[in-house]
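A.B. asks: Got a sequence here, can you build the structure:
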Amino acid sequence: MGPPPPEFVARGSHSSKFFNEQGEFTTLKIDLSRRVSLADLETSLENEDDSDKADRDLFLKFMGKMLQWDPKDRHTARQLLTDEWLRKHAGYKKPEGG
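C.D. replies: From the prediction side, this is the model:
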């Protein structure tokens, strides 16, 4: 995710308890100075063939829709219900003619 956007930190009424002016955590030793993708962090999903890779990529895209610092950038539950990965694994079938 990388560091929180400065405008996100600035909006928080308690931000100064947790972040310094550079957006770095002050209470935890967590390095947020560089942006790291979910794909770079993921180590557990199977990736044996192209279909596994495609499913892995869909899952990471799904997770990325939720893992956003700013709530206004996150997808809602309703929006997530239309996600390709979730529909595929929930057994969702498109209604005929729709």
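A.B. asks: Point out where the protein drops to low pLDDT.
C.D. replies: Along the chain, the model assigns pLDDT under 70 to residues 30, 32-33, 46-51, 92-98.
A.B. asks: Let me see the ranges of the strands in it.
C.D. replies: For the chain, no strands are identified by DSSP state E.
A.B. asks: At which residues are the helices of it located?
C.D. replies: 6-11, 15-18, 38-41, 50-66, 77-80, 84-89 (DSSP state H).
A.B. asks: pull the CA atoms of the first one into CSV?
C.D. replies: The C-alpha atoms that make up helix 6-11 are tabulated as CSV, following Å, rounded to 0.1, in the frame of the first residue of the first chain:
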residue,chain,number,x,y,z
PRO,A,6,-0.9,13.3,3.1
GLU,A,7,-4.4,14.6,2.7
PHE,A,8,-5.7,11.4,4.4
VAL,A,9,-3.4,11.9,7.4
ALA,A,10,-4.2,15.6,7.5
ARG,A,11,-8.0,15.0,7.7
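A.B. asks: Buried residues, that helix. List them.
C.D. replies: Buried positions in helix 6-11, judged by neighbour count with 16 or more other Cβ atoms under 10 Å: 8-9. Every C-beta, even on glycine, is put in place using the N, C-alpha and C of the backbone.
A.B. asks: Residue numbering should commence at 4 henceforth.
C.D. replies: Yep, numbering from 4; the last one is helix 9-14 now.
A.B. asks: Counting by contacts, list what that helix packs against.
C.D. replies: The helices and strands touching helix 9-14, judged by 3 or more Cβ pairs under 8 Å, 6 or more residues apart in numbering; DSSP states H and E, number zero.
A.B. asks: next one: that helix to chain centre, how far?
C.D. replies: Chain-centre distance of helix 9-14: 19 Å, with Cα atoms, centre = their mean, to the nearest Å.
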